[in-house]
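*Asks:* Provided below are the primary sequence and the corresponding predicted coordinates.
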Amino acid sequence: MSTLSSHRWNRLLPWIPPALLLILWQLLAQTGVISVRVLPSPASIVRAAWTLTASGELLQHVIVSSRRALTGFAIGGGLGLLLGLATGSSRRLELLLDTSLQMLRNIPPLALIPLVILWFGIDEAAKLFIVAIGVFFPLYLNTFHGIRSVDPGLIEMARSYGLSGWRLYLDVILPGALSSILVGVRFSLGLMWVLLIVAETVSAADGIGHMTMNAREFLMTDVVLVGVLMYALLGKLADVIARALERLLLRWHPGYQS
Amino acid sequence: MEHNPAAIEAISRHDGHLRGTALSLRGIVKRYGEREVLRGIDLEIQPGEFVAIVGRSGCGKSTLLRVIARLEDTQGGVQLHNGRQQLTLDDTRIMFQEPRLLPWKRVLANVALGLPPARHPEALEVLTEVGLAERGQEWPSRLSGGQRQRVALARALAHRPRLLLLDEPLGALDALTRIEMHELIERLWLQHGFTALLVTHDVQEAIALADRVILIEDGRVTQDLAVRLPRPRARGDASFAALEARLLDQLLGRQPQDRDHASDLAA
């Protein structure tokens, strides 16, 4: 009985500070201590979110933004994975490509925005490019590192037990690199939203970034905050999915067993 | 015939005691840069024999085993044969110091590693032989150290090797588990009839298991003793202890004192 209630108490505990903050915020907004222009009350944000949801506008923006984020992630992450596998598996390819890639890695993707606008204008490709280039490097680096840190003893064992070529790759090298690759996936998913926010804020005709920038022009601070909340929720959702993927794919790993 | 695994399989199944391969080593030399680790090893091992190679750490005994398993290349000749025909490396399996199980494969899948799909049912048979049939669907991380080495032993035996190389596989286990493993290895060796080559620094382990104990010092064979004690061997036995003392004396560079009894046994 007491263990059950303390268990419940532990689950409740993390929610107390945000709840208190919300109450304080609502009180300050209602009494007019904070101007509605600066920070509308939580209640009015909920109302704005409801209106936007009811009209279908919010969902539309979320779908557009998510599609952009995932497409960029698939392109950049896929390339990062492939190149990481290639340079991780072959010393010659590492020699050929790694120095150039390390050089490119030191350019912050956001510094490319002016160039990207010159190249692609402000259409869809510009946003995809920024996201893709940003998520490329975490996946590339972690895949490369993962392949290189596979226990050589296991590879030696597998070879002496008759595994070679694709069998060796699929049974030993890839699973050995997987935990590192998944760390790369989590990093990339975090970066994916950050980069998309900036890209959409710079220029977009739809998406959450467009919604918030539009609202800013009409001084609709509540809608801006709804947009911010949506980014937070989508970011969290991506992380939850990545963690679920880790628990599924690494269920053999003592660190991920419940 | 050598290229027909099914034919070899048929022979070995019907004629268990002929399974082991003979092994000839001639002038095995191994250098790492300037350092000469093996300085010309010649050895003849009979089919089905259990040979233990003993030596201090760094004497080259593990390197010799790795040379035989072709994990290292060498000047000199390694030959596996069964009297009439050459055998391939496929007939050799090695058990390492660490279990080296793939942590992302279930125990049973680890045992089946490298087996053609048609022979996968045999994995469960050998897992049963090492007494772990009911743990087949677990992850290796859930097993104890001794159990993991038993899985590694099953994985080696699943390939029905003619030569089993054991590279100090019990070094990390506690004393009681080691004794259990000795019994298991001896039983499976008698049953399967493979040739066994065990590298160890533990003189007692060597005498408990081997037909022949070979001492390697400084990259050379310095002693080749036949152990003619009846199996299963009792560690407390006087002749066992005498033989152990004699080998230890040699390893530690001490003068053998009064060991006539031991030399009788190990003529």
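*Replies:* Nice, thanks for sending it over.
*Asks:* how near is the residue nearest to the spatial centre of chain A to residue A:234?
*Replies:* Centroid-nearest residue in chain A: residue A:189, 2.1 Å away (criterion: CA atoms, centre = their mean). Distance from residue A:189 to residue A:234, counting by CB to CB, to the nearest Å: 10 Å. Where C-beta positions appear, they are placed from N, C-alpha and C, glycine not excepted.
*Asks:* with residue A:112 instead?
*Replies:* 23 Å.
*Asks:* likewise residue B:185?
*Replies:* 58 Å.
*Asks:* who's more crowded, those two?
*Replies:* residue B:185 (25 against 19; other CB atoms under 10 Å in any protein chain shown).
*Asks:* just list the residues touching residue A:51, thanks.
*Replies:* With CB atoms under 8 Å, 6 or more residues apart in numbering or on different chains as the criterion, no residue contacts residue A:51.
*Asks:* can you tell me the helix or strand for the closest residue to residue B:74 other than its chain neighbours?
*Replies:* Leaving aside its chain neighbours, residue B:74 sits nearest to residue B:67 (4.7 Å; criterion: CB to CB, 6 or more residues apart in numbering or on different chains). Element membership for residue B:67, per DSSP states H and E: helix B:61-68.
*Asks:* dihedrals phi and psi, residue B:246?
*Replies:* Dihedral pair for residue B:246: phi -60, psi -40, per degrees, to the nearest 10.
*Asks:* count the neighbours of it for me.
*Replies:* 22.
*Asks:* could I get the full set of strands for the stretch 51-200 of chain B?
*Replies:* For the stretch 51-200 of chain B, the strands defined by DSSP state E, counting those that start in this stretch occupy B:75-81, B:92-95, B:163-167, B:195-200.
*Asks:* list the buried ones in stretch A:118-127?
*Replies:* Across stretch A:118-127, burial judged by 16 or more other CB atoms under 10 Å in any protein chain shown covers A:126, A:127.
*Asks:* now do that stretch: everything it contacts.
*Replies:* Contact with stretch A:118-127 is made by A:68, A:72, A:116, A:117, A:129, A:196, A:199, A:200, A:202, A:203, A:204, as judged by CB under 8 Å, 6+ apart.
*Asks:* what do you get for stretch B:133-152?
*Replies:* A:251-254, A:257, B:95-96, B:99-103, B:105-108, B:110-111, B:124, B:127, B:130-132, B:169-170, B:172-174, B:177, B:180-181, B:184.
*Asks:* can you do 6 Å?
*Replies:* A:252, A:254, B:95, B:99, B:101, B:103, B:106-108, B:127, B:130, B:132, B:169, B:173, B:177 (CB atoms under 6 Å, 6 or more residues apart in numbering or on different chains).
*Asks:* please, which helix or strand holds residue A:122?
*Replies:* Going by DSSP H and E, residue A:122 is not in any helix or strand.
*Asks:* nearest residue to residue A:25 in space, please, no chain neighbours.
*Replies:* Nearest to residue A:25 is residue A:42, by CB to CB, 6+ apart, at 5.8 Å.
*Asks:* okay, the one you found: pLDDT?
*Replies:* Residue A:42 is assigned 91 on the pLDDT scale.
*Asks:* pretty sure it contacts residue A:21?
*Replies:* No. Look at residue A:42 against residue A:21 with CB atoms under 6 Å: they stay out of range, at 9.5 Å.
*Asks:* neighbour count winner among the two?
*Replies:* Each of residue A:42 and residue A:21 has its neighbours counted (other CB under 10 Å); residue A:42 has more, 17 against 11.
*Asks:* still on that earlier bit, residue A:14: which of the contacts of stretch B:133-152 is nearest?
*Replies:* Distances from residue A:14 to the contacts of stretch B:133-152, taken as CB to CB, are shortest for residue A:254 (26.2 Å).
*Asks:* now for residue A:170: which residues touch it?
*Replies:* Residue A:170 touches nothing, counting by CB under 6 Å, 6+ apart.
*Asks:* assign residue A:146 to helix, strand or coil.
*Replies:* helix (DSSP: H, G, I helix; E, B strand; the rest coil).
*Asks:* right, is whichever strand or helix holds residue A:181 up against chain B?
*Replies:* With secondary structure defined by DSSP H and E, residue A:181 is part of helix A:174-202. Yes. Residues of helix A:174-202 contacting chain B under CB under 6 Å from any CB of the partner chain: residue A:175.
*Asks:* for that helix, packing partners?
*Replies:* helix A:57-89, helix A:124-148, helix A:208-217, helix A:221-249 (3 or more CB pairs under 6 Å, 6 or more residues apart in numbering or on different chains; DSSP states H and E).
*Asks:* for the record, mean pLDDT for it?
*Replies:* 92.
*Asks:* what's the burial count for the residue lying closest to the residue nearest to the centre of chain A once chain neighbours are set aside?
*Replies:* Sequence neighbours aside, residue A:238 is the residue nearest to residue A:189 in space, at 4.2 Å (criterion: CB to CB, 6+ apart). Neighbour count for residue A:238, taken as other CB under 10 Å: 21.
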